[in-house]
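1. pasting the sequence and the predicted model now:
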Amino acid sequence: MALSDPIGDMIARVKNAQARNHKKVDLPSSNFKTKIVGILKDEGFIKDFKINTEKNKSILSLELKYHSGNPVINAFERVSKPGRRIFSSAESLPKINNGLGIAIISTPKGVMTDIDARKKKIGGEIICKVF
(Lines give C-alpha, C1' and ligand atoms only; values in the text may rest on other atoms or scores of the structure.)
Protein backbone atom coordinates (compact mmCIF):
# COMPACT_ATOMS: atom_id res chain seq x y z
CA MET A 1 0.00 0.00 0.00
CA ALA A 2 1.38 3.39 -0.98
CA LEU A 3 1.25 6.09 1.67
CA SER A 4 0.48 9.68 0.74
CA ASP A 5 2.43 11.01 3.74
CA PRO A 6 5.20 8.62 4.88
CA ILE A 7 6.71 11.18 7.31
CA GLY A 8 3.31 11.69 8.95
CA ASP A 9 2.99 7.91 9.23
CA MET A 10 6.42 7.72 10.90
CA ILE A 11 5.44 10.42 13.41
CA ALA A 12 2.14 8.66 14.20
CA ARG A 13 3.91 5.32 14.75
CA VAL A 14 6.44 6.89 17.15
CA LYS A 15 3.72 8.71 19.11
CA ASN A 16 1.57 5.56 19.34
CA ALA A 17 4.52 3.44 20.48
CA GLN A 18 5.42 5.96 23.17
CA ALA A 19 1.82 6.13 24.36
CA ARG A 20 2.01 2.36 24.97
CA ASN A 21 5.55 2.54 26.48
CA HIS A 22 7.10 0.32 23.79
CA LYS A 23 10.89 0.04 23.79
CA LYS A 24 11.17 0.00 20.00
CA VAL A 25 9.13 0.70 16.89
CA ASP A 26 9.57 -0.62 13.33
CA LEU A 27 8.63 1.32 10.21
CA PRO A 28 9.35 1.23 6.48
CA SER A 29 12.73 2.78 5.72
CA SER A 30 13.68 5.55 3.29
CA ASN A 31 16.71 7.83 2.99
CA PHE A 32 14.67 10.86 4.10
CA LYS A 33 13.32 9.07 7.21
CA THR A 34 16.84 7.87 8.03
CA LYS A 35 18.13 11.46 7.96
CA ILE A 36 15.29 12.64 10.22
CA VAL A 37 15.89 9.76 12.67
CA GLY A 38 19.64 10.54 12.62
CA ILE A 39 18.86 14.08 13.75
CA LEU A 40 16.57 12.75 16.51
CA LYS A 41 19.41 10.50 17.73
CA ASP A 42 22.01 13.30 17.60
CA GLU A 43 19.72 15.61 19.58
CA GLY A 44 19.04 12.91 22.22
CA PHE A 45 15.34 12.23 21.52
CA ILE A 46 15.85 8.51 20.76
CA LYS A 47 18.46 5.97 21.90
CA ASP A 48 19.45 4.40 18.59
CA PHE A 49 18.21 3.19 15.23
CA LYS A 50 19.05 0.34 12.85
CA ILE A 51 18.20 -0.46 9.25
CA ASN A 52 17.30 -4.11 8.66
CA THR A 53 16.79 -5.56 5.19
CA GLU A 54 14.35 -8.44 4.96
CA LYS A 55 12.93 -9.85 1.70
CA ASN A 56 13.99 -6.82 -0.37
CA LYS A 57 12.35 -4.41 2.11
CA SER A 58 14.27 -2.06 4.39
CA ILE A 59 12.88 -1.68 7.89
CA LEU A 60 13.92 1.14 10.19
CA SER A 61 13.96 0.08 13.87
CA LEU A 62 13.99 2.87 16.46
CA GLU A 63 14.89 2.38 20.12
CA LEU A 64 12.76 4.86 22.02
CA LYS A 65 14.12 6.80 24.97
CA TYR A 66 12.37 7.30 28.31
CA HIS A 67 13.29 9.39 31.36
CA SER A 68 11.89 8.13 34.69
CA GLY A 69 9.06 6.35 32.88
CA ASN A 70 8.03 9.27 30.67
CA PRO A 71 8.86 9.54 26.96
CA VAL A 72 11.64 12.00 26.12
CA ILE A 73 9.62 13.26 23.14
CA ASN A 74 6.73 15.28 24.58
CA ALA A 75 5.46 16.69 21.29
CA PHE A 76 6.19 15.47 17.75
CA GLU A 77 4.20 17.36 15.11
CA ARG A 78 4.19 17.43 11.32
CA VAL A 79 4.34 21.04 10.05
CA SER A 80 4.65 20.87 6.28
CA LYS A 81 2.15 18.39 4.82
CA PRO A 82 1.73 17.12 1.24
CA GLY A 83 -1.37 19.29 0.83
CA ARG A 84 0.22 22.42 2.30
CA ARG A 85 3.96 22.92 2.17
CA ILE A 86 5.44 25.38 4.69
CA PHE A 87 8.69 27.12 3.73
CA SER A 88 10.69 29.61 5.77
CA SER A 89 13.70 31.82 5.29
CA ALA A 90 16.68 31.54 7.62
CA GLU A 91 15.66 34.69 9.52
CA SER A 92 12.06 33.60 10.14
CA LEU A 93 12.68 29.99 11.22
CA PRO A 94 10.56 29.23 14.31
CA LYS A 95 12.05 28.69 17.78
CA ILE A 96 10.42 25.68 19.38
CA ASN A 97 9.60 26.28 23.07
CA ASN A 98 12.16 29.10 23.31
CA GLY A 99 14.96 26.92 21.95
CA LEU A 100 14.28 23.83 24.08
CA GLY A 101 12.84 21.88 21.15
CA ILE A 102 13.94 21.59 17.53
CA ALA A 103 12.41 22.01 14.11
CA ILE A 104 13.68 19.68 11.39
CA ILE A 105 14.23 21.54 8.12
CA SER A 106 14.77 20.19 4.61
CA THR A 107 17.18 22.62 2.92
CA PRO A 108 19.11 22.61 -0.37
CA LYS A 109 22.16 21.57 1.73
CA GLY A 110 20.35 18.58 3.27
CA VAL A 111 18.13 17.83 6.27
CA MET A 112 19.14 19.71 9.44
CA THR A 113 17.84 21.29 12.62
CA ASP A 114 16.60 24.87 12.76
CA ILE A 115 19.69 25.82 14.80
CA ASP A 116 22.09 24.57 12.10
CA ALA A 117 20.01 26.22 9.38
CA ARG A 118 20.19 29.57 11.22
CA LYS A 119 23.99 29.25 11.62
CA LYS A 120 24.44 28.47 7.92
CA LYS A 121 21.83 31.13 6.95
CA ILE A 122 19.79 28.63 4.90
CA GLY A 123 16.00 28.47 4.70
CA GLY A 124 13.87 25.56 3.59
CA GLU A 125 10.80 23.43 4.18
CA ILE A 126 9.86 22.93 7.85
CA ILE A 127 9.23 19.18 8.09
CA CYS A 128 8.32 18.75 11.77
CA LYS A 129 8.69 20.09 15.31
CA VAL A 130 10.03 18.01 18.19
CA PHE A 131 9.95 18.89 21.88
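-> Sure thing, it's come through.

2. show me the contacts for the residue nearest the centre of the chain.
-> The residue lying closest to the centre of the chain (CA atoms, centre = their mean) is residue 36, at 4.4 Å. By CB atoms under 8 Å, 6 or more residues apart in numbering, the residues touching residue 36 are 7, 10, 104, 111, 127-128. For the C-beta atoms, the positions are set from N, CA and C on the backbone; glycine is no exception.

3. which SSE is it in?
-> helix 31-42 (DSSP states H and E).

4. buried residues, that helix. List them.
-> Across helix 31-42, burial judged by 16 or more other CB atoms under 10 Å covers 33, 35-37, 39-41.

5. circling back: a markdown table for the contacts of residue 36, including neighbour count, pLDDT and secondary structure?
-> Formatted as a markdown table, the contacts of residue 36 follow (neighbours: other CB atoms under 10 Å; pLDDT from 0 to 100; DSSP: H, G, I helix; E, B strand; the rest coil):
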| residue | neighbour count | pLDDT | secondary structure |
| --- | --- | --- | --- |
| 7 | 20 | 97 | helix |
| 10 | 25 | 97 | helix |
| 104 | 24 | 98 | strand |
| 111 | 21 | 98 | strand |
| 127 | 22 | 97 | strand |
| 128 | 20 | 97 | strand |
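
6. and these, which two are the farthest apart?
-> Based on CB to CB, the longest span within the contacts of residue 36 runs between 10 and 111 and measures 13.2 Å.
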